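Chemist: this one's sequence-less:
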């Protein structure tokens, strides 16, 4: 059974930053930090505190006037007895400046370590006060999630004690933050003239929340919430239509008549068609940017706006190259990062496995021949399930965006492009489901699961409806597989887990095969 490693302590992380760890320990701690968001943030905080102190030292003390002397040479010298010995008080006075300097440096270091929290408190207090001075008006919010619907999000917000009624506000952020027993704050300034406050914690349902405040008026413009169950939520405010222009004042009496020259009309660009949006999605698919990356495509006005969050420079260049030849496409990369979907075997250590699930893992490990074989078995299955979920998400995006009326308005070549995308995603998903079925079924049978029973597949529905059914089947199987192999929490008792997992696996394989058959036939 895989054992979750504990997080390194603050002293160990400080020694890692200072290069004081032995090579073997440094490699182990460095590998953990690379895979752990919590520890990576702690290392960044330590490095930032060191950099701030170095800047303070350079600003207030400047460089040393000369190299430090070797005090041992002076201690070895015999005292000059021709002069009376300095009194104890005089010797103490000579060391007083050094003592004062050390005390000052210690105070500055402590202040710098606490500076992000102090600054976050001040910014939030000012932002709440500014919001109270502004006239109240309803907000139209755009909310993106990893996998949940709006109805499924509200219980998460309630459990985390975060306001569902006003999620994009400094007051909601402040109320949540003030309830935390322990927290780590980070305050930065972004390139788009905003403050960004990020608070992470080890307690509660929310692992991290980030809020962007416009510097000019401290108005919240963007929020990111990462829940401990790997769900994430990204919130932005939708800017409404521009207010109507005021009517011109009536002409003054005895004024000259207005000019009779014709006024050129400003043509309103036609909105992008579903086919144009489909070409954007197809171009993103060519570089694999439609399989789980935090990228959003939206038709707005006369443009197709493509927005990516937290994407590296090299990846940005690839996406720009893929979309560069398409008309009416506006590409925007936001600095704020959305937590990416992590593999199921990288769930945080705080998620404790059910004891019954642990016993199932122990039985499975013994059946497979030991820990290494179990790890290889689980890694393969979890990787296959992750790939299947990425394809299910991509298919669901197509189904939600291109309903029957939108497909009917497409040109024949556009409908063929849509069919090709569906067929490719369906083929990969069906292949993953078949391999998972062949790999997992013998293990489930050994754990007491009954033989698979074929179910009656439903026909005659639209491919959009079939896509949603396939997505739900893949998500339910992925959840149960995470309970068995990855230690994820769940409501299914351990004794019922093998049978439930067998049932979900059978349904997924059947739905994937039926869906792939209809996609091949172009239905």
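Modeler: Looks like it arrived, so ask away. Just so you know, these numbers come straight off a predicted model, no measurement behind them. Numbering: from 1, shown residues only.
Chemist: low-scoring stretches of this structure, by residue?
Modeler: Residues of the chain meeting the criterion pLDDT under 70: 1-6, 37, 50-118, 239-268, 335-357, 456-459, 486-491, 494.
Chemist: all strands for it, in order.
Modeler: Taking DSSP state E, the strands of the chain run over residues 141-145, 184-189, 194-200, 206-214, 220-227, 232-237, 295-300, 303-309, 329-334.
Chemist: In a markdown table: those strands, plus distance to residue 439 and mean neighbour count.
Modeler: Where C-beta positions appear, they are placed from N, C-alpha and C, glycine not excepted. Output for the strands of the chain, formatted as a markdown table (distance: least, C-beta to C-beta, whole Å; neighbours: other C-beta atoms under 10 Å):
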| stretch | distance to residue 439 | mean neighbour count |
| --- | --- | --- |
| strand 141-145 | 30 | 14 |
| strand 184-189 | 41 | 16 |
| strand 194-200 | 37 | 21 |
| strand 206-214 | 32 | 22 |
| strand 220-227 | 30 | 22 |
| strand 232-237 | 30 | 20 |
| strand 295-300 | 31 | 16 |
| strand 303-309 | 34 | 20 |
| strand 329-334 | 39 | 16 |
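Chemist: Would you mind saying which of these lies nearest residue 495?
Modeler: Among the strands of the chain, strand 220-227 comes nearest to residue 495, with 28.4 Å by C-beta to C-beta.
Chemist: So in that sheet, which strands flank the closest one, and in what orientation?
Modeler: In the sheet, strand 220-227 lines up against strand 206-214 (antiparallel), strand 232-237 (antiparallel) (DSSP bridges).
Chemist: Taking strand 329-334 as reference, get the angle to it.
Modeler: Going by axes from the mean of the first three to the mean of the last three C-alpha atoms, to 10 degrees, strand 220-227 is angled at 70 degrees with respect to strand 329-334.
Chemist: how distant is strand 220-227 from the center of its chain?
Modeler: 10 Å (C-alpha atoms, centre = their mean, to the nearest Å).
Chemist: could the strands of the chain be laid out in JSON lines, adding distance to residue 287?
Modeler: JSON lines is the format used below for those (distance: least, C-beta to C-beta, whole Å):
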{"stretch": "strand 141-145", "distance to residue 287": "21"}
{"stretch": "strand 184-189", "distance to residue 287": "29"}
{"stretch": "strand 194-200", "distance to residue 287": "28"}
{"stretch": "strand 206-214", "distance to residue 287": "27"}
{"stretch": "strand 220-227", "distance to residue 287": "25"}
{"stretch": "strand 232-237", "distance to residue 287": "22"}
{"stretch": "strand 295-300", "distance to residue 287": "11"}
{"stretch": "strand 303-309", "distance to residue 287": "12"}
{"stretch": "strand 329-334", "distance to residue 287": "13"}
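Chemist: do you know which of those lies nearest residue 397?
Modeler: strand 295-300 (8.6 Å).
Chemist: chain center to stretch 222-242: distance?
Modeler: Per C-alpha atoms, centre = their mean, the centroid offset for stretch 222-242 relative to its chain is 11 Å.
Chemist: Format the strands paired with strand 220-227 as CSV; extra columns: distance to residue 293.
Modeler: Listed next are those as CSV, based on distance: least, C-beta to C-beta, whole Å:
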stretch, distance to residue 293
strand 206-214, 19
strand 232-237, 13
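Chemist: Which of those strands sits closest to residue 119?
Modeler: Nearest of the strands paired with strand 220-227 (C-beta to C-beta): strand 206-214, 11.9 Å.
Chemist: With residue 409 as the reference, measure out to the nearest residue to residue 200 once chain neighbours are set aside.
Modeler: Setting aside the residues directly before and after it, residue 200 is nearest to residue 208 in space (C-beta to C-beta, 6 or more residues apart in numbering), at 4.3 Å. The gap separating residue 208 from residue 409 is 42 Å, by C-beta to C-beta, to the nearest Å.
Chemist: sorry, back to before: is it true that the residue nearest to residue 200 touches residue 201?
Modeler: Yes - contact criterion C-beta atoms under 8 Å: residue 208 and residue 201 qualify, at 7.5 Å.
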